[in-house]
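Trainee: Structure for this input, please:
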Amino acid sequence: MGKGKQPNILLISTDQQHWNTIHALGNETIHTPNLNRMVEEGVAFERAYVASPVCSPSRSSIITGEYPSRHKCWNIGVELDENRTTMGQVMMEHGYKTGLFGKAHFKPVLKEGSFEAPPHIHDRDFWKEWQGPYYGFEKVAMVHGHSDEDSSHGMHYGAWLVEQGIDPSKYFGPGGGHREGSWDIPEEYHYTRWTADQTMDFIENKEDDKPFLAWCSFQDPHNAFLCPEPWNSMYDPDQMPPFVEKEGEMADKPLIHQYLLEDRMNELDIDVTSDPGHNTGGVQCLGHTNKKIGYDRAKKWLTSYYGMISLIDHHIGRILDKLDELGLAEDTLIVFTSDHGDYAGNHGFWLKGPIHYDDILRVPFLARWKGELPEGRRTNSLMSLVDLAPTFLEAAGIDKYPTMQGTSQLKTLYQPDQATRDWCLVENRAEPSFYVKTLVTDRYKLNYFLDRDEGELYDLKEDPNEFVNLYNKEDYAEIKLKMFQKLVDIYGELEKPIPPRESFA
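Mentor: Okay, here's the model as predicted:
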């Protein structure tokens, strides 16, 4: 496989993008001409799953090839150990130039003294001078935060804004994230454009002929749902697709489903580590419901969510055009995906949390390598984001690092219908009270809430919307048992590498 030389590798990711938000893959409402272009020119994996549906652990799994239970970054607010080996480190050792542009989020963003937290992120002088290295990325230009939050004008992006003569306090602030209507920041100063520009500058201005690993890490379409015009008003709330929900569907679900929808989270026995007064009972990341915010507002959220995706799509088009302009399209393996999804109003929920519908576990996943991978192919072969690191290493002709638990999917990139794996594993320790293990196979999906004697089992073939929980139905007891047995076998496999025995005793 391969053209005989190490390819450039470009990872383009979004933050919290629902799997069904690409026009060419079935969403007739959304406008995504450049993602459509990637679908036409590459391979679309329609069953790609995250290793964790939360930002920091998912991103840590992407760069380490390990599940959260191994790399130990189990939630936001937990730092990824800088001593863990990452794909960037390994690829640098084998001749690659590496760069990360946009959101990192490998460290806490609210903990005082954290590298990715205020007040450090607003130290303009520091960010003007420092460019890395960071977790295996030789050059970085970073920003995190969402919409007009105060943290969104930090790091390299904030320093750049000031250099452009922009007063960040005009567009960002402590009250950010609660603005209704449009956001008046000019589109040319928005962080999505800036992230794309930084990526293109890295690709265009490498100082030597080394191949590159570049991560273009957009931090939208994460809430708060707000972006510049004309994107924020691009969609009509009355023309949005209906939410996937069904009256009474929570009757056979775990208590957290029912209590969140009924606004009774304070009645659950929850042990939390942050925000105990939060209106979702303190379970970190768990969002609002359609009933809580009202359906008119929920539809408006969805229009802004789609607008953010269309804005990102526009800048992805600019990156694809830049590769064409530089003559690099045939030398570059591109993967587009997201770190996790969003309920996006389906089942009545918004944002993310320990309720493991496919809305937050499943993500868009496109791969393009012109002249090398097949074009216009769609596949249901299972893909996991924990596989990205070993896949990129094999594409570069580099052996998988021993601690990586993912598996290379390069064979399946070339032959999309030849599946590499027959299961995907998702781990989500969303506060001590809710530790969810999910196993997805070709047909079934098991969600088990550790120490709560609650779970879910879905037949994804017959019930793709996950309306009917089969977990306690006698007719499915054998299937449930086999799923649990498979889960135990998987964890036995993931214990590798096992040190060799050196003597009889």
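Trainee: State the distance from the nearest residue to Tyr157 once chain neighbours are set aside to Gly307.
Mentor: Leaving aside its chain neighbours, Tyr157 sits nearest to Val143 (3.6 Å; criterion: Cβ to Cβ, 6 or more residues apart in numbering). Using the backbone N, CA and C atoms, a C-beta is placed for each residue, glycine as well. Distance from Val143 to Gly307, counting by Cβ to Cβ, to the nearest Å: 19 Å.
Trainee: more neighbours, the two?
Mentor: Neighbours were counted for Val143 and for Gly307 using other Cβ atoms under 10 Å; Val143 has more, 29 against 26.
Trainee: Let me know whether the more buried one touches Asp197 as I believe.
Mentor: No - assessed by Cβ atoms under 8 Å, Val143 is found out of contact with Asp197, at 11.9 Å.
Trainee: Common neighbours of the two, please.
Mentor: By Cβ atoms under 8 Å, 6 or more residues apart in numbering, Val143 and Asp197 have no common neighbours.
Trainee: Low-confidence regions, this structure specifically.
Mentor: 1-4, 176-181, 274-281 (pLDDT under 70).
Trainee: which one is the residue nearest the centre of it nearest to, not counting chain neighbours?
Mentor: Against the mean C-alpha coordinate of the chain, by Cα atoms, centre = their mean, the closest residue is Asp339 at 0.7 Å. Spatial nearest neighbour of Asp339, excluding adjacent residues (Cβ to Cβ, 6+ apart): Ser58 at 4.3 Å.
Trainee: re earlier: distance of the residue nearest to the centre of the chain from Arg443?
Mentor: In terms of Cβ to Cβ, Asp339 sits 26 Å off from Arg443.
Trainee: With Tyr67 instead?
Mentor: Tyr67 is 23 Å from Arg443, by Cβ to Cβ.
Trainee: The two: who's more crowded?
Mentor: Remark: of Tyr67 and Arg443, Tyr67 carries more neighbours, 23 against 11, as counted by other Cβ under 10 Å.
Trainee: Just want the phi and psi numbers for that one.
Mentor: phi -80, psi 160 (degrees, to the nearest 10).
Trainee: Make sure it is actually in contact with Gln405.
Mentor: Yes - taking contacts as Cβ under 8 Å, Tyr67 lies within contact range of Gln405: 5.7 Å.
Trainee: Where do the strands of the stretch 1-150 of the chain begin and end?
Mentor: 8-14, 43-45, 48-49, 97-102, 139-142 (DSSP state E, counting those that start in this stretch).
Trainee: Apologies, that question was intended for the stretch 201-350 of the chain.
Mentor: Going by DSSP E, counting those that start in this stretch, the stretch 201-350 of the chain shows strands at 212-217, 286-289, 332-338, 349-351.
Trainee: Out of these, which is closest to Pro242?
Mentor: Between Pro242 and these, the tightest spacing by Cβ to Cβ is seen for strand 349-351, at 14.9 Å.
Trainee: tell me which strands and helices that closest one is in contact with?
Mentor: Secondary-structure packing of strand 349-351 (3 or more Cβ pairs under 8 Å, 6 or more residues apart in numbering; DSSP states H and E): strand 286-289, helix 290-293.
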